[in-house]
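# Sharing a model prediction with you, sequence too.
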Amino acid sequence: MRHANVLVLTDETEFAQMLTACWQAERQAPGITVIGSELWREQDAPRHDLVVVGPLREGKLTNVLKSLYPGTAVILCVPADSREYGQLRTKYPRLVHIPLREDCAQTLLLVAGESLRRAEALRLARHAEQAAAKNENHATLGRYMLDMKHSVNNALTSMLGNAELLLLEPGQLSSQSLAQIKTIHSMALRINEVMQRFSSLASEMRDAETASQGETSDTAAPVSRRR
């Protein structure tokens with residue numbers, strides 16, 4: 001939670017000081033930014049993991065909530081009998097409301113902690129999905145290279161064979177042509193080494209996967225017998 005960032009949006013200094021002091025007393029405190037409604041401009045602010053909306057000037061609450069990013073976790077801490085809050089309950093069901101009273105700080109911190117943990121879990125899930133998509137792209141490329149390996153090897157064999165035949169009769173070639181054929185032969189050998197290494201890696205990966213599956217089966221077998 002220490003890497004999370006929280007925005008406290010309030011026009012009441014005492015509320016901001018109380019909440020900040022309580023958070024800083026915790027072992028793991030998030031980064032906290034405090035701002036009033038007059039200075040708030042959502043489009044100029046960085047994305048926050050959690051927004052805590054405290055008491056605001058009359059008529060400001062609706063505009064502030066409208067400006068927030070739809071996916072942002074929001075905790076609203078205003079009096080339960082607030083006229084504005086009563087009108088907003090049906091419009092913003094994603095809000096978590098904690099009635100503003102003397103003992104609300106600890107409740108707010110507990111709810112905020114859960115919201116931040118959920119935000120972190122969602123962030124990790126998104127990163128995992130992105131990594132999985134990237135790995136799938138790499139796997140697709142690898143499968144294509146495996147499928148084309150035979151065709152590439154055939155082309156390399158033809159290139160090497162023809163180059164070697166020409167090099168057997170150097171007297172029929174100009175010095176420039178001979179140098180070019182030697183370059184083609186050398187580069188074809190280098191490509192062949194790369195393809196051989198690729199084939200070796202593919203075999204090693206298959207062996208490792210087979211061994212891993214075998215270990216999984218050996219581990220699961222005793223469990224099945226105990227049942």
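Yes, it's here.

# Next SSE downstream of the worst-scoring helix or strand of the chain on mean pLDDT?
Lowest by mean pLDDT, DSSP states H and E among the helices and strands of the chain is helix 83-88, with a mean of 64. Downstream of helix 83-88, the first helix or strand assigned by DSSP states H and E is strand 96-97.

# I'd like the average pLDDT over that next one.
The pLDDT scores in strand 96-97 average 80.

# And it, what does it pack against?
strand 73-76 (3 or more CB pairs under 8 Å, 6 or more residues apart in numbering; DSSP states H and E). Glycine gets a C-beta too; all of them are placed from N, C-alpha and C.

# Not counting its own residues, what contacts the strand it packs on?
Residues from elsewhere that reach strand 73-76 (CB atoms under 8 Å, 6 or more residues apart in numbering): 49-53, 65, 68, 85, 88, 92, 94-98, 108, 111-112, 115-116, 118-119.

# Only whichever of these are buried, select them in PyMOL.
The buried residues among the contacts of strand 73-76 can be selected in PyMOL (16 or more other CB atoms under 10 Å) with this line:
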select buried, resi 49+50+51+52+53+65+68+85+88+92+95+96+97+98+108+111+112+115+116+119
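
# Toward the C-terminus, what is the element adjacent to whichever helix in the chain runs longest?
For the chain, the longest helix by residue count, based on DSSP state H, is helix 104-167. Next helix or strand after helix 104-167 toward the C-terminus (DSSP H and E): helix 175-226.
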